[in-house]
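In: Here's a sequence, model it:
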Amino acid sequence: MSIESIEQHFLDSADTKRHAAALLAPHIDAAVERMVMALTSGNKILACGNGGSAADAQHFAAELIGRFERERPGLAAIALTTDSSILTAIGNDYDFSVVFSKQVEALGQPGDILLALSTSGDSANVVAAIQAAHQRDMSVVALTGKGGGRIATLLEEFDIHLCAPSDRTARIQEVHLLTLHCLCDGIDEALLGEA
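Out: Residues are numbered from 1 along each chain as shown. As a prediction, this is how the structure comes out:
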């Protein structure tokens, strides 16, 4: 890899994030408002995704339960990607496509939020989790890319779609991580005031 190609990765990432800022900022703000309303009403956020998106789901839950950049009481969030016994039992006894939806059915309550991450927008188990969330009267905040895929067609009026403006998985994941940090910062600001 050359210095030029490394620099190009940084430039491409910055360009994608600049484009995403203009497109996503109002929707991120709406998602913060929705999440704060849920959390302050005694509800929780369930997060799911595969691969890098699983890591992002866990990262988000960790920032809420622990802290982001300021001290505050922990907030109710669960990453549905972390329990290997649950994941392997459901995958073995049923099918991998329901590893998240079965957890949503068991843990989700009306007023909770599903944070659904899929770079392609087509992950079958994330699609199933969204369908289960709707059946439980939960709203969905979906982080996708590549135009939103199948997930874009499933979202309902009160759901929020944060679609990274890229077809490249790396760029989508970079926008997703920044979006999650914006959500965490927005939640903290709403609860604690400006820093």
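In: Which element, helix or strand, includes the most centrally placed residue in the chain?
Out: Closest to where the C-alpha atoms of the chain average out (CA atoms, centre = their mean) is Leu115, at 4.0 Å. Per DSSP states H and E, Leu115 falls inside strand 113-117.
In: Residues in contact with the next helix or strand after that strand: which ones?
Out: Moving toward the C-terminus from strand 113-117, the next helix or strand (DSSP H and E) is helix 124-135. By CB atoms under 8 Å, 6 or more residues apart in numbering, the surrounding residues in contact with helix 124-135 are 46, 48-50, 53, 80, 96-105, 108, 112, 114, 116-118, 139-140, 142, 150-151, 154-156. Quick note: C-beta positions are derived from backbone N, CA and C, even for glycine.
In: What about the residues you listed, which are in strands?
Out: Among those, the ones falling in strands (DSSP state E) are Leu46, Cys48, Leu114, Ala116, Leu117, Ser139, Val140, Ala142.
In: For this protein, which segments count as helices?
Out: 3-40, 52-65, 84-93, 101-107, 124-135, 149-154, 169-192 (DSSP state H).
In: The shortest one: how far from the chain's middle?
Out: Helix 149-154 sits 15 Å away from the centroid of its parent chain (CA atoms, centre = their mean, to the nearest Å).
In: export that helix as CSV, just CAs?
Out: Extracted in CSV, the C-alpha atoms of helix 149-154 (Å, rounded to 0.1, in the frame of the first residue of the first chain):
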residue,chain,number,x,y,z
GLY,A,149,-31.8,-2.2,1.0
ARG,A,150,-34.7,-4.2,2.3
ILE,A,151,-34.7,-2.4,5.6
ALA,A,152,-35.7,0.8,3.9
THR,A,153,-38.9,-0.8,2.7
LEU,A,154,-39.8,-2.1,6.1
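In: Flag every buried residue along that helix.
Out: Within helix 149-154, the residues that count as buried by 16 or more other CB atoms under 10 Å are Gly149, Arg150, Ile151, Leu154.
In: And the longest one, by the same measure?
Out: By neighbour count with 16+ other CB under 10 Å, helix 3-40 contains the buried residues 13, 16-17, 20, 24, 28, 31-32, 34-36, 38-39.
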